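> quick one, fold the following:
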Amino acid sequence: MTLPASAFRALFESDPDGLVVLDSATGCIRECNERFRDVVGRQRDELVDRAFASLTASNRALPLDSREGDGGDDSDRDGDSDDSDGCHRRQLRTGDGRTVSVELRTSAVELDGDGDGDGDGDGDGDGDGAAADAVLVRLSDVDVGTGGATLREKARVVDEAPIGITISDPSQEDNPLVYANETFRELTGYTESDIVGRNCRFLQGAETRSPPVTKMREAIDAEETVTVELQNYRKDGSEFHNRVTIAPLYDDGNLTSYVGFQYDVTQREQYKEKLELSHNLLKTVPSGVFRTDPTPGGRFEYVNPALVSLLDAESADQLRDERVAEFYVDPEQRGDLMEELRRTDDDKVRGEVQLETVGGEIKDVLVTASLTEDEAGNEHVYKVVQDIADRKEREWALERYERLVTNLPIGVYQHTPDPDDGFTLLNDAMVDIFDADSKAHLREQQVHDLYVDSCEYVDFTDRLLGQGIIQNREFRLETLAGEEIWGAVTGIAREVGGEVVFDGVVQDITERKRYQQRLKEQRDNLDVLNQMLRHDIRNDLQLVTAYADFLADHVDDAGQEHIEAIQEGATHAVELTRTARNIADVMLTTDDGRQRINVDSALENELDDVRSTYSEAAITVSGTVPSVSVCANEMLGSVFRNLLTNAVQHNDKEIPKVDVSAAEREECVVVRIADNGPGVSDDQKDTIFGRGEKGLESQGTGMGLYLVETLVESYGGAVYVEDRPNETGEDPDGAVFVVELQKAD
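Alright, predicted model coming up:
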């Protein structure tokens, strides 16, 4: 299968080695991959068509025709050389002025030929007799810096290290060894073939269950670093005391291998100090560590990576030789720390100071300093620097919390579940709520004594222990002055230091309870008024109406006008008591009680009632009232009755005319009640329902319209007034009251 060009491009770009394609005739760069661009620190447009030799420190070109190579080793040009094995060493100049030591290998390629990469078209890749038009250069080894060790040299260092180094593979059964360096082989007397593929316990002889071995196995199972000393046996059977450090190695968070450091401590005591130092340096220390001399002008002699990160430096080289005091916000703090170090008998001292990073950020740190002497008698100060920003932030947060709690207008407390104990924490508001002289005065009281009903307190604490939290439980409480108050208590049970404590807040709700009591009394009085309207006044008015009807047949024509006035007034008063009763019902209702109500049935019932009451009026219905359910309650009829009654009672025409229409829309039903009365002026349209004053003293036309607005708004609808539409060409009389009701789901 032939790969598409895009696949070759992806492979070229993703190759972990630097790749460069050079024109074989000119030595200019035709293409390069991302790795090469990273190595030289330049963009693609800076490199393409540029002579490769111009990138080298000596401006020396590569031999581009392998058949013309000199096969020799030329080492006289700024460290450049060419080996007979095709390896070329060059110093490349990067975009930022540094040099990069690289090893290069070249191979001929055919870019524009037959596509098999050899230029001869036979597909065998041998390039028989064909001249390549390009050369592929591969950077096989790279060392960033000047004079640094190559990867091959580093590998040689590991293999020739003065301590035994082994690597095992935990992915295979029994964790076999896959590598052992030369020192380990010399130490044990085993060859590489004897070692690779075997678990390292072959060195332990019969001591496979000793405590050090068990400790090592447990650490390996837990993927932890461990150091043990144990007796091992060489291949010839001789014993040696082996100090072993086993550490897990990870790649992207996955365990890949275990590395072991092993050395004969019985024969190499002279290396003990160096090995211990190496072991300590191998540890990953999360805190910053540096060494300096104790003089006032002391400079950084050594810094670890954690300190580089802590001070926001780019590298250890950036800090090395800098004056330590310049990083202290207050340089005198360093002097105080050194003075205490010399004065105290302790081998180390600690102090909290502020350091300023390279970027100018101020950090709170804890510095631990110790003074040592080297073999030549020179003093050095070692300091461990810990970033305590999180701790300081918690301390500041706690301080802010304590200030907040102290100044809260509600009481905050803490106490234990023991009924005989007092408060362990109080704020100032608790002192005020319970009329105490001070916090100490209130702490002397037993908590349960502050509750009027101690049984309620016992029940509250029992429930709090079981539920963990109780919110806004209302209690009658007693102050230290003997006054009974109401408090809303919220409590939380939590564990502190292995013991349960109650945290809580108390809010004085005495005024709210008194207000609630006044509201209850007002509701009770309103209920009495409602009963009176329903029965006594309404019955008396009905009696007046009955007697007026009786007298109508017993008076002459002169008295007939007075009888009609009595009948009209009594009818209006009856309607007024009905409206007042409905308003009282609305005010006494604690929930909206909305339900599905058929708008056509409610409207038609009220039309029949008003027609019978006001026989002189002409009340008509235009079109058909839709049979639709709306969100309302049983008082929807009062809305229509009051609007119809208002249209008749406040009409100045000889024959009051009222026209009713209804229409269904997508989300609501609109009922329109139009009359031929005097109309409503623009400045009255917003006040006619009693908005803003609500009641008998409003600028509206009466309690009926106030009730209409109250009910319609409680249904989630709207009511408003419009001018009557001009249908005759003359100025129209009257007004239109519009009611919008939400359709029920």
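
> tell me the helix or strand right after the helix or strand of the chain with the lowest mean pLDDT.
Least confident helix or strand, the chain: helix 272-282 with a mean of 50, by mean pLDDT, DSSP states H and E. Moving toward the C-terminus from helix 272-282, the next helix or strand (DSSP states H and E) is strand 288-292.

> direction included, what does that next one pair against?
With DSSP bridges as the test, strand 288-292 is paired with strand 300-303 (antiparallel), strand 379-387 (antiparallel).

> how about residue 312, phi and psi?
The phi and psi values for residue 312, taken as degrees, to the nearest 10, are phi 60, psi 30.

> what about it, neighbour count?
When neighbours are defined as other Cβ atoms under 10 Å, residue 312 has 14 of them. All C-beta spots, glycine's among them, are computed from the backbone N, C-alpha and C.

> ok, it touching residue 359?
Yes. At 4.6 Å, residue 312 and residue 359 qualify as touching, with contact defined as Cβ atoms under 8 Å.

> if we can go back for a sec, let's have the strands paired with strand 288-292 in a markdown table, adding mean neighbour count.
A markdown table is the format used below for these (neighbours: other Cβ atoms under 10 Å):
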| stretch | mean neighbour count |
| --- | --- |
| strand 300-303 | 18 |
| strand 379-387 | 18 |
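
> all helices of the stretch 401-550 of the chain, in order?
428-433, 439-443, 454-467, 510-532, 538-551 (DSSP state H, counting those that start in this stretch).

> correction: the stretch 601-745 of the chain
636-649, 703-714.

> can you tell me which helices and strands the shortest one packs against?
With contacts defined as 3 or more Cβ pairs under 8 Å, 6 or more residues apart in numbering; DSSP states H and E, helix 703-714 has these neighbours: helix 557-588, helix 636-649, strand 718-723, strand 735-742.

> how far away is the residue nearest the centre of the chain from residue 109?
Nearest to the mean C-alpha position of the chain, by Cα atoms, centre = their mean, lies residue 390 at 17.9 Å. According to Cβ to Cβ, to the nearest Å, residue 390 stands 57 Å off from residue 109.

> return the set of buried residues in stretch 197-215.
For stretch 197-215, the buried set under the neighbour-count rule, 16 or more other Cβ atoms under 10 Å, comprises 200, 202, 203, 204, 212, 213.

> pLDDT weak spots in the stretch 351-500 of the chain?
Low-confidence segments of the stretch 351-500 of the chain (pLDDT under 70): 375, 398, 401-402, 404-406.

> would you turn the helices of the stretch 401-550 of the chain into CSV with mean neighbour count?
Output for those, formatted as CSV (neighbours: other Cβ under 10 Å):
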stretch, mean neighbour count
helix 428-433, 18
helix 439-443, 15
helix 454-467, 14
helix 510-532, 12
helix 538-551, 14
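
> closest one to residue 237 among those helices?
With Cβ to Cβ, the closest approach to residue 237 among these belongs to helix 454-467: 69.5 Å.

> packing partners of that closest one?
Packed against helix 454-467 by the contact rule (3+ Cβ pairs under 8 Å, 6+ apart) you find strand 469-478, strand 484-496, strand 499-508.

> just how off-centre is that helix within its chain?
36 Å (Cα atoms, centre = their mean, to the nearest Å).

> what does stretch 290-301 give?
43 Å.

> so what touches that stretch?
The contact list for stretch 290-301 (Cβ atoms under 8 Å, 6 or more residues apart in numbering) reads 302-304, 307, 319-325, 335, 338, 341, 371, 378-383, 385.

> quick one: mean pLDDT for it?
Across stretch 290-301, the average pLDDT comes to 84.

> with stretch 80-94 instead?
Rounded mean pLDDT across stretch 80-94 is 77.

> confidence score at the residue lying farthest from the centre of the chain?
Going by Cα atoms, centre = their mean, the residue of the chain most distant from its centre is residue 556, 90.0 Å out. Predicted confidence (pLDDT) for residue 556: 81.

> next: residue 541.
As predicted, residue 541 sits at a pLDDT of 75.

> dump the residue contacts of it.
Contacts for residue 541 were tallied using Cβ under 8 Å, 6+ apart; they are 570, 573, 574, 577.

> between the residues you listed, which is nearest residue 478?
Nearest to residue 478 out of these is residue 577 (Cβ to Cβ; 47.9 Å).

> how near is the closest one to residue 617?
For residue 577, the distance to residue 617 equals 21 Å [Cβ to Cβ].

> ok, now residue 223?
With distances taken as Cβ to Cβ, residue 223 is found 96 Å from residue 617.

> same check, this time on residue 572
From residue 572 to residue 617 the distance is 14 Å (Cβ to Cβ).

> okay, these two: which has more neighbours?
Set residue 572 next to residue 617 and count neighbours by other Cβ under 10 Å: residue 617 wins out with 20 against 14.

> any idea how far that one is from residue 393?
Remark: distance between residue 617 and residue 393 (Cβ to Cβ) = 79 Å.
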